[in-house]
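**Q** Next comes the sequence, and after it the predicted model I'd like to discuss.
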Amino acid sequence: MMNIRSKDEAGRLLEALGEQLLSLDEQYELVVVGGSALIALDLIARPTQDVDVVALHTGVLETATPLPAPLLVARDQVARDFRLPDDWLNDGPAALLDFGLPAGFMSRAVRREYGPALTIWYASRLDQIHLKLYATVDEGPGRHEADLRALAPTPEELLVAAEWSRTHDPSPDYRTILLQVLDAFGVSGASLSA
């Protein structure tokens, strides 16, 4: 299984996806989060196995679930050409859109074109902090926490991200773990809405 290790590798895959879309006379704008977005923006240096699509951009953000059939056809051809798993491009984080992305998300997103048929909007560093904090609390220590540490968030950024994450899980248990994670990042005594 191939890992995406660099911005150049990610670019080659996405350019190939753009070429496949062009051959199908299709065009898409995708909003991407996670490890591949962090790699594409040179924010972290670790491999990832997939490209996480949180939304389709059609002037407004629309759910990526399910990914459109022509996009799947193009994705599957790239998977065959590069010997990638079938889900190398997936809608795994699309549920984040249900409760809302951080305010101003698209105004901060970084736009990149991979040929005339594919545009990717990458989540900004600040928005990745929001998403990685939420994932760290939700899933526990591991790559999300490591990514969050690599992003070196300020206490202010963490507090803003923490308040946003509570809109996705307002439960008391989540709040307790969130406060523990903030404390582990040096933000102790945070006052979050109950």
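**A** Happy to help now that I have it. All values reported here derive from a predicted model rather than from experimental measurement.

**Q** Tell me where this structure has helices.
**A** 7-23, 35-40, 69-82, 96-99, 105-108, 125-139, 143-150, 155-166, 172-184 (DSSP state H).

**Q** okay, those in JSON lines with mean neighbour count next?
**A** Every residue, glycine included, has its C-beta placed from N, CA and C. Below are the helices of the chain laid out as JSON lines (neighbours: other CB atoms under 10 Å):
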{"stretch": "helix 7-23", "mean neighbour count": "19"}
{"stretch": "helix 35-40", "mean neighbour count": "24"}
{"stretch": "helix 69-82", "mean neighbour count": "16"}
{"stretch": "helix 96-99", "mean neighbour count": "15"}
{"stretch": "helix 105-108", "mean neighbour count": "15"}
{"stretch": "helix 125-139", "mean neighbour count": "22"}
{"stretch": "helix 143-150", "mean neighbour count": "18"}
{"stretch": "helix 155-166", "mean neighbour count": "18"}
{"stretch": "helix 172-184", "mean neighbour count": "15"}
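
**Q** Please convert those helices to TSV, extending it with mean pLDDT and distance to residue 115.
**A** Output for the helices of the chain, formatted as TSV (pLDDT from 0 to 100; distance: least, CB to CB, whole Å):
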stretch	mean pLDDT	distance to residue 115
helix 7-23	96	3
helix 35-40	95	15
helix 69-82	97	11
helix 96-99	94	26
helix 105-108	98	22
helix 125-139	97	25
helix 143-150	96	28
helix 155-166	96	34
helix 172-184	95	40
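
**Q** how about the ones you listed in a markdown table, adding distance to residue 61?
**A** Formatted as a markdown table, these follow (distance: least, CB to CB, whole Å):
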| stretch | distance to residue 61 |
| --- | --- |
| helix 7-23 | 19 |
| helix 35-40 | 15 |
| helix 69-82 | 16 |
| helix 96-99 | 6 |
| helix 105-108 | 7 |
| helix 125-139 | 13 |
| helix 143-150 | 22 |
| helix 155-166 | 16 |
| helix 172-184 | 24 |
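
**Q** mind listing what residue 124 touches?
**A** Contacts of residue 124 were listed using CB atoms under 8 Å, 6 or more residues apart in numbering, and they are 41, 105, 108-110.

**Q** Next: residue 17.
**A** Per CB under 8 Å, 6+ apart, neighbours of residue 17: 74-75, 78, 89, 114, 118.

**Q** repeat for residue 50
**A** Residue 50 neighbours (CB under 8 Å, 6+ apart): 4, 34-36, 85, 87-90, 92.

**Q** If any of the residues you listed are buried, put those into a PyMOL selection.
**A** Only the buried entries of those go into this PyMOL selection, using 16 or more other CB atoms under 10 Å:
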select buried, resi 4+34+35+36+88+89+90+92
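
**Q** What is the lowest-pLDDT residue among the contacts of residue 50?
**A** Least confident by pLDDT among these: that is residue 4, with 88.

**Q** So what pairs up with that one in the strands?
**A** residue 48 (DSSP bridges).

**Q** What are the structural domain limits within the protein?
**A** 7-123, 126-184 (automatic domain parsing).
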